[in-house]
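Generate coordinates for the sequence data below:
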Amino acid sequence: MRAQLSKALGGKRGMLEGAIPTLGFTVTWISSHDLRLSLVISGALAVTAFIVRVVQRSSVQFVSS
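Predicted coordinates for the structure are as follows:
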């Protein structure tokens, strides 16, 4: 069951790529209380992960979720 769940979430890399924008938002919000900056940082991290996946020609399914 655990292996199937891990596979559905994209493995360790997929889970990390899903968590990094959230962590970026949280850290920025806690440190600055600036919503716009937090959203920009989070979006930039998500777009960066997307671009890395495209350049590596791997599935972007897990980044987009």
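
Would you mind measuring from residue 27 to residue 21?
Counting by CB to CB, to the nearest Å, the gap from residue 27 to residue 21 is 11 Å. In this view, the C-beta of every residue, glycine as well, is placed from N, C-alpha and C.

between those two, which one's more packed in?
Applying other CB atoms under 10 Å to residue 27 and residue 21 shows that residue 21 carries more neighbours, namely 20 against 13.

and the more buried one, how far is that from residue 45?
Taking CB to CB, one finds residue 21 at 4 Å from residue 45.

Then residue 4?
27 Å.

of the two, who's got more company?
Set residue 4 next to residue 45 and count neighbours by other CB under 10 Å: residue 45 wins out with 18 against 8.

From residue 54, how far out is that one?
Residue 45 is 15 Å from residue 54, by CB to CB.

what's the pLDDT at residue 64?
According to the prediction, residue 64 has pLDDT 60.

typo on my end, residue 32
So residue 32 comes in at 96 (pLDDT).

quick one, phi psi at it?
Torsion angles at residue 32 (phi, psi; degrees, to the nearest 10) stand at phi -120, psi -20.

ok, now residue 56?
Torsion angles, degrees, to the nearest 10, at residue 56: phi -80, psi 0.
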